[in-house]
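>>> Sequence and predicted structure, then a few things I'm wondering about:
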Amino acid sequence: MPQDTQQIVTKLWNYCAVLRDDGLSYGDYVEQLTCLLFLKMAHEQTQAPWNKPSPFPKDCDWPSLRKRDGDELETHYRHVLERLGKQPGMLGIIFRKAQNKIQDPAKLRRLIADLIDGEQWSTLDADVKGDAYEGLLEKNAQDTKSGAGQYFTPRALIRAIVDVMQPGPDETVCDPACGTGGFLLAAHDYIQKHHKLDKDQKKHLRLEALRGWEIVDSTARLCAMNLVLHGIGGDDSPIAVDDALRSDPGARFSMVLTNPPFGRKSSITYVTEEGEAEKASLQVERQDFWASTSNKQLNFVQHVRTLLDVNGRAAVVVPDNVLFEGGAGEVVRRKLLAECDVHTLLRLPTGIFYAQGVKANVLFFTKKPGAAKPWTQKLWIYDLRTNKDFTLKTNPLKREDLDEFVEVCKPGAVQTRKATWGEKKPEGRWRSYGIDELLARDKASLDIFWLKDESLEDSANLPPPEVIAAEIAEDLRAALEQFEAIQADLERKD
């Protein structure tokens, strides 16, 4: 992280320690920063040299906060948040359901007057203030108790995926589970860095190229602010607060990049006659889906396929169960192999996500028009999992750990790929499987591995105990959900 960015992150984050003493979580603090930064920056835009009209209703702007103190400030701030949360467009996304969590008016005054008001945020380079905010989001994700990590995909992984996908200046990029906006920002940065944009392309990139959905209000707020600080978006937010799986939005995109939430089951909570809360599986049924299932991950794979233009490209992070699960899982895999060109699978190591024990992969495919034969002819697999140990603190995943994967992928030239695995190279992590082999496997499983696992023979190569424990817990949860699905099916038949 550049020195000036680091200084801003440190300055903003040091104040969090003061508020933590009052019981504020990291997430609460970042939420307050988000609201106040937006108010301050919007006020700056009304001054010279910008001289833009204020987007806020009367007496709901930054000066209205600066001139107040004590209990009057705390009361006014609450009213400002409530009123702005009812506004349309970007204002509504940023402030919807926002609440003041800072109960001490003196500390709220310090945050406003000393920390935020002292900086001219609009004059800072977009990379500086954007990267500073990204730094805060990453620190927030590291707070495992808050669960914020589930909305934060490792940036090293995102950059590698985007380097493989190579979005272009005239394309549209969508993330239907956008979290804090990592994929959208990486696509934006890639296009800016690798293409000389004309005036129309710059406007397209800022206002039209990027689109996301996020179901959680507070996370959508962080995402929208993240985009604003990077100079993306206008009066209307590119982020929609909604359940992306609810329906086909009708819009189609050149590219979908996404890491859907890790939970497998869609469910609703209801209260029984005895007054006890119970959860019921929520099966998603859509005409554009190949199979009806309550497995969120399988539903997202189907949803991504719907969102793509013909010849549109996708990279989707999926847990292992999507690769091997029977029933609806098999239906989805066979349909995907037939109707799309599923050309690449990256097997990810454990220990790289803030949700511990997750075994995940990245599935790359291209949507194709109707045809008699399966579009997938060869699936290339890169195994970054076997004999690889990463931890968030002592050995985090770095972009260079994915250099070989990006290199062998040869984006845009699938036909010229060459395997690094062979009889004389048993340690190679890159090889392909033909469509006949894939379809002949039990349940058309794509859960394929071939490298010799050294940890099975040498206890010195075992991953750390906390990683092993998390993997066991994840496997047990997966098995339990499989049994629960079988039980639900049997009860329906009764």
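Arrived safely. Numbers count the residues shown, from 1 in each chain.
>>> From here on, just use CA atoms for contacts and neighbour counts.
Fine.
>>> For the stretch 301-450 of the chain, which segments count as strands?
Here the stretch 301-450 of the chain has its strands, by DSSP state E, counting those that start in this stretch, at 308-319, 340-347, 360-367, 378-383, 430-434.
>>> My error: substitute the stretch 1-150 of the chain in the last question.
Under DSSP E, counting those that start in this stretch, the stretch 1-150 of the chain gives no strands.
>>> now it, which segments are flagged as low pLDDT?
1-3, 143-150 (pLDDT under 70).
>>> at 90 instead, please
1-34, 48-50, 52, 54-55, 57-58, 89-90, 101, 103, 114-115, 118-150 (pLDDT under 90).
>>> same deal with the stretch 301-450 of the chain?
350-359, 387-396, 410-416, 422-427.
>>> Can you list the residue ranges for helices in it?
321-324, 328-339, 403-409, 435-440 (DSSP state H, counting those that start in this stretch).
>>> do the same with the stretch 151-300 of the chain
155-165, 182-194, 199-207, 217-229, 296-307.
>>> Show me the contact partners of the fourth one.
The one in question is helix 217-229. Here helix 217-229 makes contact (CA atoms under 8 Å, 6 or more residues apart in numbering) with 31, 34, 38, 90, 93-98, 126, 129-130, 133-134, 151, 178-181, 185, 213-214, 233, 237-241.
>>> can you give me the helices for the stretch 1-150 of the chain?
Under DSSP H, counting those that start in this stretch, the stretch 1-150 of the chain gives helices at 3-20, 26-44, 62-66, 70-84, 89-95, 105-110, 126-141.
>>> Make CSV out of those helices and add distance to Glu171 and mean neighbour count.
Output for the helices of the stretch 1-150 of the chain, formatted as CSV (distance: least, CA to CA, whole Å; neighbours: other CA atoms under 10 Å):
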stretch, distance to Glu171, mean neighbour count
helix 3-20, 30, 15
helix 26-44, 29, 21
helix 62-66, 37, 16
helix 70-84, 33, 17
helix 89-95, 23, 23
helix 105-110, 43, 17
helix 126-141, 22, 21
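>>> Any chance of CSV for the ones you listed, columns distance to Trp375?
CSV is the format used below for those (distance: least, CA to CA, whole Å):
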stretch, distance to Trp375
helix 3-20, 46
helix 26-44, 45
helix 62-66, 56
helix 70-84, 49
helix 89-95, 40
helix 105-110, 59
helix 126-141, 39
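>>> For Leu307, which of the ones you listed is the nearest?
Proximity to Leu307 (CA to CA) singles out helix 89-95 among the helices of the stretch 1-150 of the chain, at 22.6 Å.
>>> Run through the neighbouring helices and strands of that closest one.
On a contact count with 3 or more CA pairs under 8 Å, 6 or more residues apart in numbering; DSSP states H and E, helix 89-95 meets helix 26-44, helix 70-84, helix 217-229, strand 239-241.
>>> now do the same end-to-end measure for stretch 170-190.
Stretch 170-190 has an end-to-end distance of 13 Å (CA to CA, to the nearest Å).
>>> Can you check the distance spanned by stretch 202-216, start to finish?
Distance between the two ends of stretch 202-216: 30 Å, counting by CA to CA.
>>> Go ahead and name everything in contact with that stretch.
The contact list for stretch 202-216, computed with CA under 8 Å, 6+ apart, reads 169-179, 181, 184, 188, 220, 231-234, 238-244.
>>> Buried only: go through these for me.
169-179, 181, 184, 188, 220, 231-233, 238-242, 244 (16 or more other CA atoms under 10 Å).
>>> one step back: can I get the helices of the stretch 301-450 of the chain in TSV including mean neighbour count and distance to Leu84?
Listed next are those as TSV, based on neighbours: other CA atoms under 10 Å; distance: least, CA to CA, whole Å:
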stretch	mean neighbour count	distance to Leu84
helix 321-324	21	41
helix 328-339	20	43
helix 403-409	16	44
helix 435-440	14	53
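>>> Would you reformat these as TSV and include distance to Ile352?
Shown next, in TSV, are those (distance: least, CA to CA, whole Å):
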stretch	distance to Ile352
helix 321-324	18
helix 328-339	25
helix 403-409	16
helix 435-440	28
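>>> Out of those, which is closest to Asp117?
Across the helices of the stretch 301-450 of the chain, Asp117 has its closest neighbour in helix 403-409 (42.0 Å, CA to CA).
>>> Which other helices and strands does that closest one contact?
helix 155-165.
>>> Convert the C-alpha atoms of the helix it packs on to CSV, please.
Extracted in CSV, the C-alpha atoms of helix 155-165 (Å, rounded to 0.1, in the frame of the first residue of the first chain):
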residue,chain,number,x,y,z
ARG,A,155,-7.9,-9.1,-3.6
ALA,A,156,-5.0,-11.2,-4.9
LEU,A,157,-7.5,-13.8,-6.2
ILE,A,158,-9.7,-11.1,-7.7
ARG,A,159,-6.8,-9.5,-9.6
ALA,A,160,-5.7,-12.9,-11.0
ILE,A,161,-9.2,-13.7,-12.2
VAL,A,162,-9.6,-10.3,-13.9
ASP,A,163,-6.1,-10.7,-15.5
VAL,A,164,-7.4,-14.0,-17.0
MET,A,165,-10.8,-12.5,-18.1
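>>> what helices or strands is that helix leaning on?
For helix 155-165, the packing partners by 3+ CA pairs under 8 Å, 6+ apart come out as helix 182-194, strand 308-319, helix 403-409.
>>> So what touches the longest one?
So that's helix 182-194. Against helix 182-194 from outside (CA under 8 Å, 6+ apart): 152-153, 155, 158-159, 162-163, 166-169, 173-175, 178, 205, 210-212, 227, 230, 257-258.
>>> roughly how far out does stretch 58-66 sit from the chain middle?
Averaging C-alpha positions (CA atoms, centre = their mean, to the nearest Å) puts stretch 58-66 34 Å from its chain's average.
>>> Can you check the distance spanned by stretch 116-135, start to finish?
17 Å.
>>> How about residues contacting it?
Around stretch 116-135, the neighbours that count as contacts under CA under 8 Å, 6+ apart are 1, 4-6, 8-9, 36-37, 40-41, 44-45, 226-227, 229-231.
>>> And the helices of the stretch 151-300 of the chain, which one averages the lowest pLDDT?
Among the helices of the stretch 151-300 of the chain, helix 217-229 carries the lowest mean pLDDT, a mean of 91.
>>> tilt between that one and helix 26-44?
40 degrees (axes from the mean of the first three to the mean of the last three CA atoms, to 10 degrees).
>>> Now do helix 217-229 against helix 199-207, angle only.
Going by the same axes, to 10 degrees, helix 217-229 makes 150 degrees with helix 199-207.
>>> Report the angle between helix 217-229 and helix 126-141.
160 degrees.
>>> Return the alpha-carbon coordinates of helix 217-229 using PDB.
Provided in PDB are the C-alpha atoms of helix 217-229 (Å, rounded to 0.1, in the frame of the first residue of the first chain):
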ATOM      1  CA  ASP A 217     -28.200  -3.000   3.100                       C
ATOM      2  CA  SER A 218     -25.100  -2.300   5.100                       C
ATOM      3  CA  THR A 219     -22.800  -4.100   2.600                       C
ATOM      4  CA  ALA A 220     -24.400  -2.400  -0.400                       C
ATOM      5  CA  ARG A 221     -23.700   0.900   1.400                       C
ATOM      6  CA  LEU A 222     -20.000   0.000   1.600                       C
ATOM      7  CA  CYS A 223     -19.900  -1.100  -2.000                       C
ATOM      8  CA  ALA A 224     -21.600   2.000  -3.300                       C
ATOM      9  CA  MET A 225     -19.200   4.200  -1.300                       C
ATOM     10  CA  ASN A 226     -16.300   2.200  -2.500                       C
ATOM     11  CA  LEU A 227     -17.300   2.800  -6.100                       C
ATOM     12  CA  VAL A 228     -17.900   6.600  -5.400                       C
ATOM     13  CA  LEU A 229     -14.400   7.000  -4.000                       C
END
